[in-house]
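Novice: Please work out how this folds:
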Amino acid sequence: MRVLHIITGLGAGGAEQQLRLLLRHLPARCDVVTLTNPGVVAHGIRADGTRVTHLGMRSNRDASALPRLVRLIRTGGYDLVHTHLYRACVFGRTAARLAGVRSVVATEHSLGASVMEGRPLTRSVRALYLATERLGSATVAVSATIADRLRAWGVPAARVHLVPNGIDADRFRFDPAARTAARTRLGIPERDFVVGGVGRLVPGKQFDVLVRAVAGLPQARLVLVGEGPERAPLRGLAERLGAADRVHLLGERDGIVEATGDRPSDIPQLLAAMDVFASASTEESFGLAVVEALASGLPVVHVTCPAVDELPLSAAPGARRIGPGTPAMTAALREHAVGWRPRLPVPPAVHRYGIARSADRLMALYERTAAPGPGCCLPGAGPALDLPSTPAVSDPKR
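Specialist: Modelled structure (predicted):
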């Protein structure tokens, strides 16, 4: 099977890293088109041996990108097109249909209650998404939370398939030597208490809550891994709070490759340097960084994380759900700072989200969608592929 993946950009984000990891495990011949920003993940995908084409789209309204994308799809002779992220879904599904590809799958990575990939969910955004969703064959939700939101929007239940994100858990296994090396490179003493966070530095991630919380804990340091428009404001906030020397903004890092050259460390090594992982975001579609932290044996404090919140409490005993805001985060981190302990055992939740399992589910959907006869989930077609899943468990006390 020949598959074209279309994604909005390939900077170091969760959806982008997930695509790269899936490409390593999918038993299909794949190419990738990025509409914009062929960043660090594009370089990684190419290094893995997969072709990446940069379409050079200039803006959300760059209509010239559509015929270029149609030509590219026709020339490639693809059996299936798989789109990722809002802009790529809108343009990619349309282009695939114009190019004559009948099998079109989209993954919804970042649908929040009020925002999608950082943009407000206005009536026009929702209408355009739903209009182009009907051009596809199936829509993949990365969590039960996203599946519920898609159905609430009006996407037919038969077209919605739950295929959770996955990780390569072995990559994140705790290594004491990596902890020592990473702390040495960052200039952090071995016994200092380190709070960690990973993600795009954008307002929705609420990393300012972590800066404020750590500023209120004189014995703590904060290591933030990620890049984005909030970098300067976060640095300014740390300076105003007198905590600039304890807040480490490390920029973009890769969650897959090994550390190279004089880079301080990549995500698995940086997780090893942390003592607790914190996520202050109030809207998450999955929570990939939280699962990676659990795979490293870290205790986790989070406001929302569907990957954990949808499972029984026993699946991730090291993860604690708290209320939003700085006071709740400060109190939770203070407890961890006082009660510091060695690494935790890797919980069952991590094994549930293995990348091989996710790739198998996705490939099963590909095969059903591309099978001869009526399309899998096209209007008027039969029932959607029934992929196994665990019912969501909601517990406000987590």
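Novice: Pull up the per-residue confidence for the residue most central in space within the chain.
Specialist: Among the residues of the chain, the smallest C-alpha distance to the mean C-alpha position (Cα atoms, centre = their mean) belongs to residue 14, namely 2.6 Å. As summarised for this prediction, residue 14 has a pLDDT of 84.
Novice: where does the stretch 201-350 of the chain have low pLDDT?
Specialist: Of all residues in the stretch 201-350 of the chain, those with pLDDT under 70 make up the ranges 254-265, 339-340.
Novice: can you map out the strands along it?
Specialist: Using DSSP state E, counting those that start in this stretch, the strands assigned to the stretch 201-350 of the chain run over residues 220-225, 247-249, 276-279, 300-302, 319-321.
Novice: Residue 126 is nearest to which of the ones you listed?
Specialist: Shortest distance between residue 126 and those, using Cβ to Cβ, is found for strand 276-279: 26.3 Å. Every C-beta, even on glycine, is put in place using the N, C-alpha and C of the backbone.
Novice: mind listing what the closest one pairs with, with the direction of each?
Specialist: In its sheet, strand 276-279 lies beside strand 193-198 (parallel), strand 300-302 (parallel), with partners assigned from DSSP bridges.
Novice: Identify each buried residue in the last one, please.
Specialist: Of the residues in strand 300-302, those buried by neighbour count under the rule 16 or more other Cβ atoms under 10 Å are 300-302.
Novice: Return the member of those nearest to residue 217.
Specialist: Checking the buried residues of strand 300-302 one by one against residue 217 (Cβ to Cβ), the nearest turns out to be residue 301, at 12.7 Å.
Novice: out of the strands paired with strand 276-279, nearest to residue 292?
Specialist: Judged by Cβ to Cβ, the one of those that comes nearest to residue 292 is strand 193-198, at 7.4 Å.
Novice: chain center to that closest one, what's the gap?
Specialist: A distance of 18 Å separates the centroid of the chain from that of strand 193-198, by Cα atoms, centre = their mean, to the nearest Å.
Novice: Could you tell me the average pLDDT over it, please?
Specialist: 96.
Novice: how much does it deviate in direction from strand 220-225?
Specialist: Relative orientation of strand 193-198 versus strand 220-225 (axes from the mean of the first three to the mean of the last three Cα atoms, to 10 degrees): 20 degrees.
Novice: which residues are contacting strand 193-198?
Specialist: Contact partners of strand 193-198, identified using Cβ atoms under 8 Å, 6 or more residues apart in numbering, comprise 183, 188, 205, 207, 210, 213-214, 217, 219-226, 267, 270-271, 273-280, 289, 292-293, 298, 333, 336-337, 340.
Novice: would you list the strands paired with strand 276-279 in CSV and tack on distance to residue 231?
Specialist: Output for the strands paired with strand 276-279, formatted as CSV (distance: least, Cβ to Cβ, whole Å):
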stretch, distance to residue 231
strand 193-198, 13
strand 300-302, 22
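Novice: picking up where we left off before, take the strands of the stretch 201-350 of the chain and lay them out in a markdown table including distance to residue 136.
Specialist: Output for these, formatted as a markdown table (distance: least, Cβ to Cβ, whole Å):
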| stretch | distance to residue 136 |
| --- | --- |
| strand 220-225 | 33 |
| strand 247-249 | 39 |
| strand 276-279 | 31 |
| strand 300-302 | 32 |
| strand 319-321 | 34 |
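Novice: Now do the contacts for residue 29.
Specialist: Counting by Cβ under 8 Å, 6+ apart, residue 29 makes contact with 1-3.
Novice: 10 Å - rerun?
Specialist: Residue 29 sits next to 1-4, 50, 78-79 when contact means Cβ atoms under 10 Å, 6 or more residues apart in numbering.
Novice: One more: residue 199?
Specialist: By Cβ under 10 Å, 6+ apart, the contact list for residue 199 reads 12-14, 205-207, 224-228, 279-281, 284, 287-289.
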